[in-house]
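return atomic coordinates for the entry below.
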Amino acid sequence: MRADFSFTHIAMKIHLLHVFLRTVILATLGAGGGAAIADEISATHWKAAADYSAARRGLSFLVMQHGKVIGENYPGGHSSSEAHKIYSGTKGFWILAALKAQEEGIISLDECVCDTISEWRADPLKCKVTLRQLLNFNSGLDAENQLHGDGFTDRDAIAVRVPLVAQPGRAFIYGPAPLQVFHEVLKRKLAARHETPTHYLEQKVLLPLGLGPQRYLADRDGNPLLATGFMLSAREWSRMGQLILRGGSPVLSENRLGECFRGTPANEAFGMGFWNNHLASDPGAREFDVENMLIPKWSRQDWRKPCLCRAAPSDLVAAIGSGYQRLFVIPSMDLVVVRQGVDAAFRDGEFLRLLLGR
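Okay, the predicted model is just below:
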C-alpha cells in the first residue's frame, strides 16, 4: 500500500511539473492566436462564462483545474448529480473502446473493413476502406441519418449496405452509418471471445472510469447506437476530460490517445470522436459553429481552415453533442470544462473567450 502511494505521489509531482513547464512555454510564446493566456481561471471569468451559459438555457456548467472543481453552476434548480443527454459526446466512449481493442490486438485501425465484412470485398471502393476511416468519418460512406431513429431490427445490417458517395479519405461525412459498420466489425471480432461490443465497452472503458451501463438505444437485435444515447451528469462527463489530461489512463496505455485528436485532410478539426483547435494560430483559420455546419448535406459543408476558438490554446480538444453539449479540455492549462444545455444561440468562441478572459 505504501509503495502504491509513493508511486502515485511521484507521478502526480511529475504531472504537475509537466503542466508548469507547458505553462511557462505558453506564457512565453503565446498559447493560441494571440497573447499568452493566464494559467489560472479566475472566479470573475468562470462566472462570466457561467452567466453566458445560463442565459442560453444552460443546465449545467463545471470548471475543473488541476483536478479540483473551481466553479460550477446548475441553473433552474438542476443538481450536480442530474444526468443529461450528451448526444454525440457518446462517440468518444466508443472511440476509447476502439483504441483499447487495438491495444489488445483485437483489431488494427489500419486494417480494411472487408477483412472482416466479406460483403464489401467485391466492391472496388468499399474494399479499400479502413477502420480508421470509419472513425474519422472520411470513409466515403453516406451518413444515413435515419439510423438515429427507433424501431430498427438490425442497424448494423442496414449500415453495411449503405453506399459510398465519395472516394475513401476525400470527404468528411458525419453520421451514424460508419460507426454502425465499425460496431459490426467489432462484434464479429469479439464473437470468438463470446463477448459483445457493449460488454467490452462496459468492462474496458466505463468500469475503469467509475461509470455503469449506459442508455444504448439498442435495436431489436441488441445493437447499440454508437452515435448518441448516453446520459451523464457534468461531473461524470468530466471523467473523460480527466482521462484526456492523463493521456488515456486508466483505460489506455500512454501515447495511444493522440490518434483521437489528429485531423485529416477532409477535416483538420476532427480526429476520431473529438474536435480540435489545432489551427487557432493559423492566420487563415475560421471560427465556426460545428452544429450549424453539420446541418446542410455533406457536399455543401465547408471545412476549410476550421477552428473552435482563435483566442483559445491550440491544444484545446472538445467532445461536442447536439444542443450545445460540450466537454472542453485544455491540457496546457490542466483544464476541464463541461457545459450542458438545451438548444439555444450558444457560440463556442464567445463562451471560451469569456472563460479565458480574452
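
contacts only, for the nearest residue to R188 once chain neighbours are set aside.
Excluding its sequence neighbours, the residue lying closest to R188 (CB to CB, 6 or more residues apart in numbering) is T116, at 5.3 Å. (C-beta placed from N, C-alpha, C; glycine too.) With contact set as CB atoms under 8 Å, 6 or more residues apart in numbering, T116 has these partners: 185, 188-189.

and these, which are buried?
Buried subset of those (neighbour count, 16 or more other CB atoms under 10 Å): 185, 189.

just the contacts of T116 now: which is nearest F261?
Proximity of those to F261 (CB to CB) peaks at V185, which lies at 22.6 Å.

from L96, how far out is the closest one?
From V185 over to L96 the distance is 16 Å, taken as CB to CB, to the nearest Å.

can you check N255 too?
Using CB to CB, one gets 14 Å for the distance from N255 to L96.

what of A192?
Counting by CB to CB, the gap from A192 to L96 is 22 Å.

the two: which has the busier surroundings?
L96 (26 against 8; other CB atoms under 10 Å).

which pLDDT value goes with the more buried one?
pLDDT, L96: 98.

got a list of what the closest residue to it other than its chain neighbours touches?
Closest residue to L96 apart from its sequence neighbours, by CB to CB, 6+ apart: V205 at 4.7 Å. Applying CB under 8 Å, 6+ apart to V205 gives the contacts 93, 96-97, 100, 251.

which among those gets closest to S81?
Nearest to S81 among these: F93, at 19.6 Å, using CB to CB.

tell me the buried residues in the strand or helix carrying the closest one?
Assigned by DSSP states H and E, F93 belongs to helix 90-103. By 16+ other CB under 10 Å, the buried positions in helix 90-103 come out as 90-102.

so which of those comes closest to S281?
The closest of the buried residues of helix 90-103 to S281 turns out to be G92 (CB to CB; 24.9 Å).

what residues are up against that closest one?
Contacts of G92 (CB under 8 Å, 6+ apart): 240, 260, 273-274, 319, 327.

give me the number of residues near T196?
T196 sits with 17 neighbouring residues when counted by other CB under 10 Å.

check W298 too.
18.

same question for I244.
Using other CB under 10 Å, I244 has 21 other residues around it.

after the one helix or strand it maps to comes which helix or strand?
Element membership for I244, per DSSP H and E: helix 234-245. Following helix 234-245 in sequence order, the next helix or strand is strand 275-276 (DSSP H and E).

need the three-state assignment for the residue nearest to S139 when sequence neighbours are not counted.
With sequence-adjacent residues excluded and distances taken as CB to CB, 6+ apart, S139 is closest to Q133, at 4.0 Å. When classified by DSSP: H, G, I helix; E, B strand; the rest coil, Q133 comes out as helix.

mind pulling up the pLDDT for Q133?
pLDDT for Q133: 98.

residues contacting it?
By CB under 8 Å, 6+ apart, the residues touching Q133 are 139-140, 168-169, 178.

quick one: it from D302, how far?
21 Å.

what mean pLDDT does stretch 224-235 get?
Per-region confidence: stretch 224-235 scores 98 on mean pLDDT.

just the CA trace of it, in PDB.
Provided in PDB are the C-alpha atoms of stretch 224-235 (Å, rounded to 0.1, in the frame of the first residue of the first chain):
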ATOM      1  CA  PRO A 224     -26.400  -0.200 -29.600                       C
ATOM      2  CA  LEU A 225     -26.500   3.200 -31.400                       C
ATOM      3  CA  LEU A 226     -22.900   4.300 -31.300                       C
ATOM      4  CA  ALA A 227     -23.500   7.900 -32.400                       C
ATOM      5  CA  THR A 228     -25.600   9.000 -29.400                       C
ATOM      6  CA  GLY A 229     -27.500   7.900 -26.400                       C
ATOM      7  CA  PHE A 230     -25.500   8.300 -23.200                       C
ATOM      8  CA  MET A 231     -26.800  10.400 -20.300                       C
ATOM      9  CA  LEU A 232     -24.300  11.800 -17.900                       C
ATOM     10  CA  SER A 233     -24.000  14.400 -15.200                       C
ATOM     11  CA  ALA A 234     -21.400  17.100 -15.700                       C
ATOM     12  CA  ARG A 235     -19.200  15.500 -13.100                       C
END
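
and the helices in the stretch 51-200 of the chain?
Taking DSSP state H, counting those that start in this stretch to define them, one finds helices in the stretch 51-200 of the chain at 90-103, 131-136, 155-161, 176-191, 197-201.

let me have the contacts of T116 in a markdown table, extended by pLDDT.
As requested, the contacts of T116 are arranged in a markdown table below (pLDDT from 0 to 100):
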| residue | pLDDT |
| --- | --- |
| V185 | 98 |
| R188 | 98 |
| K189 | 98 |
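
low-confidence bits of the protein, can you list those?
By pLDDT under 70, the weakly predicted segments of the chain are 1-38.
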